[in-house]
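1. One predicted model, sequence on top.
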Amino acid sequence: MPVTTAYDCEPNAKRLKLEEDVKEHAVQAVPAPAQAKPNVFVDLIKPKDKATTAGKDTATVRTASPKIPPRNHTPPTLPSSATRPISPPPVAAATKAAVNPDVPVPLMPRKLNKEPAAFTKRVTLLKALHGYMKPQNDKLLKAVKPEIKALHLTPNQLNKLAVDEEEKIATSNPSVYENILKQRLVKLKAMTPELWVKERREATTKQSGEPAKKPPPKRVDTGLTPKEEVTFLSMLKCPQDGLDAHGYVTKLPASADLAETHLALEAAAGWEQCDRCNTRFQVFPERREEDGMFTTGGECKYHWGKRVFPKKARGAPPEPTRLTCCNAEVGSPGCVTHETHVYNVKNSKRLSLIMPFIETPENSKVTEHSAVCFDCEMGYTTNGLEMLRLTVISWPQHKPLVDVLVRPLGHLLDVNTRFSGITMDQFVNAKPYDPANPKPVRKDLRIVESPYVARDLFLSHVSPLTPVVGHALENDLNTIRLIHPNIIDTVLLFPTRQGLPFRHGLRKLAKDHLAEDIQQGGAAGHDSYEDARTTGELVRFKIKEKWQLMKLEGWEIRDDGVHPPMPAEAPPKQAPSAPSMIPEARMAVLEGTPAVKRKMDDDDAGDELPLNKQEEE
Ligand SMILES: [Zn+2]
Ligand SMILES: [Zn+2]
C-alpha cells in the first residue's frame, strides 16, 4: 500500500498529516499487542513485523561497496536520485546560448562523445551551414528599421550560431544528422529575409529569457489597498479548535508524553516503514560500522505516480487501477529506484524530540499591518522528512523576505528532487547565508546551518498577531516546529465537497481559480517561491470573492477591522463564515455558488486522496 503513489502534485509533506489520521484509525482497528503503548506507537513497535522484517533484512543486506563513514554532515557521494535524470534532459541549446557571445568561436565542429559522422564531413557541413547563413545575416545591415538592424550578428557571433546549430543537430539526432543538416541547408538557401528576421527574433527572445520565461502572472484585483487586504484577513482566519485533529499542533506536548515517546523510540531501535515502498527497514543515526550504511533494506523501488481509477463500464470486466508514473498496474514492481528507503515522522511528540516546538514569541519589530506567506521544501534525512528550503514572502505584495536552503539536523538520505525541486548539487554547493546581506536571490540560494536558524529568520518577520498564509500550513508549521495562533490556510479556504481529510492540491486550485499552471517542473519538482506566491494570490482571490458581496451589503473596512453594515449585535445572515471543515457543497449553498460536480475518483489535477489508504486496508 504505497502511500506516495496517490500523489504527484504536492511534496509528500503536504499531506502527510492527513494520511496519518487515516492511518491512525486503521491502526487502532488492529488489536494492539498487550505490552504496547496505545495509539500511534502500536505501529512503531509492532514486534511481529519487526521480527519478520529483520529476518528478511539480514538475507538481503547489501554487499555493495561499503561507504566510508564521513566526518562532514552530508554523504560523500550524491544519491543517484539527486542526479539521475528521470525524464530525458532538455536539449542543451538554451544553456549554450547563455555563453558570452564575445568569446572567440572558431568555425569548427565541437568534439562529441558520440560523433554522428566523420569529422571531415562535419567540417564540410558546418562550413556550408555558415556559408548559407552569412548572406542572410549581411542583408540585415541594409535594413532601415533599427530593431531589425540590431539582429545583425558579428562574424564571431555568426560562427557561434552555426557551430551551436550544427552541434544541436549532431547531438539530438545523430542517426539522421546528415539528412537533417542538408534539409536545413535547403531551407536556408530558399529563405526570405523576412523569415530570417523572424527566426532571429525568436532566438533572441529565447536567449534573453531564462529557460522557462513565463509572462509575470496576473495579480488578482481585489479592489482593496494592501492595508485593507491585511485587515480583511481577520475574516479568513482559521479557527484553531478542531485543527489538531487534522495534523496542526496547537499545544506544546506535555513532557510526560515526550518521555513516553522517547522510551517507545528506544524500543523500536530505529525500525521504520518506508514512506515510498512501505518496506520495513532500520535507520541509524550515524553510519553503521560494518558497512557504512545509514539504512538497511537495500534499494527502494516504488511508483511515484498516483492512481488512475478506471471508469466502470457496465458489463465490462473490471479494469485494473493504473499508476500515472508508468501506467503500470497497482502492485507491480516500482518503476523508480532510489538508493535507500526513507521514512517520515508525523507524530508531533516524535517531532518534538528531534526539535522542540515553540509558540510564536512577541516581536516588537513587526508592524501591525503586515502578513507573510510561507512554504517549505523537504527532503529525507536520518531524522525523517526535514526542511531543506524555507521561503517567506510578504503578503499581499509577495516580496521575498527569506529564501534559504536549510541544513537538516539528520544526515541527508534523499533530497527528494521530484517534490522539493532541490538538487543535491545545489545543496552541496550552496554558499553560507550572510546575515549582513539577507536579501534572497533565487538563483543563488544561501544555506543556513540548521532549522533553528531558519526558524529564527522566519520569526524575525512575524509576531503572534501576524497573519501567516500558506497551503497545508500544518506541514510547514510542523517542519519549523512552530505553533502560531493566526493562520490562513488555502486548504481550509477552498475545501473539497467532502471536507477534510480530502483536500485540493495547490496546482488544481491555481488552475481553477487563477487560471495558472504551476508546478510544471515535473521531475524538477516544486519551487517554494512560486508555491508561496500562488498561495498568496489564492487568498487574494478569496478576498475578492467575499468582498464583492460584502461591499454590496454595506460592510466597511476600517483600520481596526471589518465592520458589518449595521451596529447590530448579531451579524447579518449572509455574514461570511470563517473557513471551516464544512464540505464545499454546503459552503456553496451558503455562498450561492454552484457545487463542484466532480467525482473524487476521476481525479485529474491533484485532489488529495487519502482515501486510497483506506481502500487498501
Ligand atoms: Zn511507476
Ligand atoms: Zn522504500
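-> It's in. Ligands and ions are numbered 1, 2, ... in the order given.

2. Thr535: what's its closest spatial neighbour, skipping adjacent residues?
-> Excluding its sequence neighbours, the residue lying closest to Thr535 (Cβ to Cβ, 6 or more residues apart in numbering) is His471, at 4.5 Å. Bear in mind the C-beta positions are built from the backbone N, C-alpha and C, glycine included.

3. Surely the one you found touches Gly536?
-> No. Using Cβ atoms under 8 Å, His471 is not in contact with Gly536; the gap is 9.7 Å.

4. thinking again about what came up before, show me the residues around the residue nearest to Thr535 that make contact.
-> Taking Cβ atoms under 8 Å, 6 or more residues apart in numbering, we find His471 in contact with 14, 375, 489-491, 506, 509, 531, 535, 538.

5. Any chance of those in a markdown table with pLDDT as columns?
-> Conversion of the contacts of His471 to a markdown table gives the following (pLDDT from 0 to 100):
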| residue | pLDDT |
| --- | --- |
| Lys14 | 41 |
| Asp375 | 93 |
| Asp489 | 93 |
| Thr490 | 93 |
| Val491 | 91 |
| Leu506 | 89 |
| Leu509 | 90 |
| Asp531 | 88 |
| Thr535 | 94 |
| Leu538 | 94 |
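
6. ok, of those, which one's closest to Leu243?
-> Distance to Leu243 across the contacts of His471 (Cβ to Cβ) is lowest for Asp489, with 8.9 Å.

7. can you tell me which residues contact the residue nearest to that closest one when sequence neighbours are not counted?
-> Once flanking residues are discounted, Asp489 sits nearest to Leu473: 4.6 Å by Cβ to Cβ, 6+ apart. By Cβ under 8 Å, 6+ apart, the contact set of Leu473 is 248, 487, 489, 491.

8. ok, Leu473 to His246 distance?
-> 11 Å (Cβ to Cβ, to the nearest Å).

9. and Val469, what pLDDT?
-> Predicted confidence (pLDDT) for Val469: 96.

10. Please report how far it lies from Ala532.
-> Between Val469 and Ala532 the computed distance is 8 Å (Cβ to Cβ).

11. cool, and Val163?
-> Taking Cβ to Cβ, one finds Val163 at 41 Å from Ala532.

12. out of the two, which sits in the busier spot?
-> Comparing Val163 with Ala532 by other Cβ atoms under 10 Å, the one with more neighbours is Ala532, at 27 against 20.

13. Would you mark the buried spots in stretch 234-254?
-> Neighbour-count burial for stretch 234-254 flags 235-236, 238, 243, 246-250, 253 (criterion: 16 or more other Cβ atoms under 10 Å).

14. Show me this protein divided up by domain.
-> 4-63+272-346, 93-208, 226-248+367-616 (automatic domain parsing).

15. Off-centre distance for the last one?
-> Between the mean C-alpha location of domain 226-248+367-616 and the chain-wide mean there is a distance of 13 Å, by Cα atoms, centre = their mean, to the nearest Å.

16. on contacts alone, who are the packing partners of the strand or helix carrying Val404?
-> Following DSSP states H and E, one finds Val404 within strand 400-406. Judged by 3 or more Cβ pairs under 8 Å, 6 or more residues apart in numbering; DSSP states H and E, strand 400-406 is in contact with strand 384-395, strand 446-448, helix 451-459, helix 528-552.

17. Nearest to ligand 1 among these would be which one?
-> Nearest of the helices and strands packed on strand 400-406 to ligand 1, taken as Cβ to the ion: strand 384-395 at 21.1 Å.

18. List, one by one, the residues from the protein near ligand 1.
-> 303, 323, 325-326, 335 (Cβ under 5 Å from the ion).

19. Tell me the one of the residues you listed nearest Lys346?
-> Distances from Lys346 to the residues of the chain next to ligand 1, taken by Cβ to Cβ, are shortest for His303, at 21.3 Å.

20. tell me the phi and psi of Arg314?
-> Per-residue torsions, Arg314: phi -70, psi 130 (degrees, to the nearest 10).

21. Quick check: mean pLDDT of the strand holding Val404?
-> 95.

22. Start the count at 705 instead of 1 going forward.
-> Sure thing, new numbering starts at 705, so read that last one as strand 1104-1110.

23. returning to that earlier point: narrow the contacts of His1175 to those in strands?
-> Using DSSP state E, 1079, 1193 are the members of the contacts of His1175 that sit in strands.

24. any idea how far the helix or strand harbouring Gln861 is from the chain center?
-> Here Gln861 is covered by helix 859-876, with elements defined by DSSP H and E. Centroid displacement of helix 859-876 relative to its chain, using Cα atoms, centre = their mean, is 36 Å.

25. Same question for stretch 1044-1056.
-> The answer for stretch 1044-1056 is 19 Å, by Cα atoms, centre = their mean.
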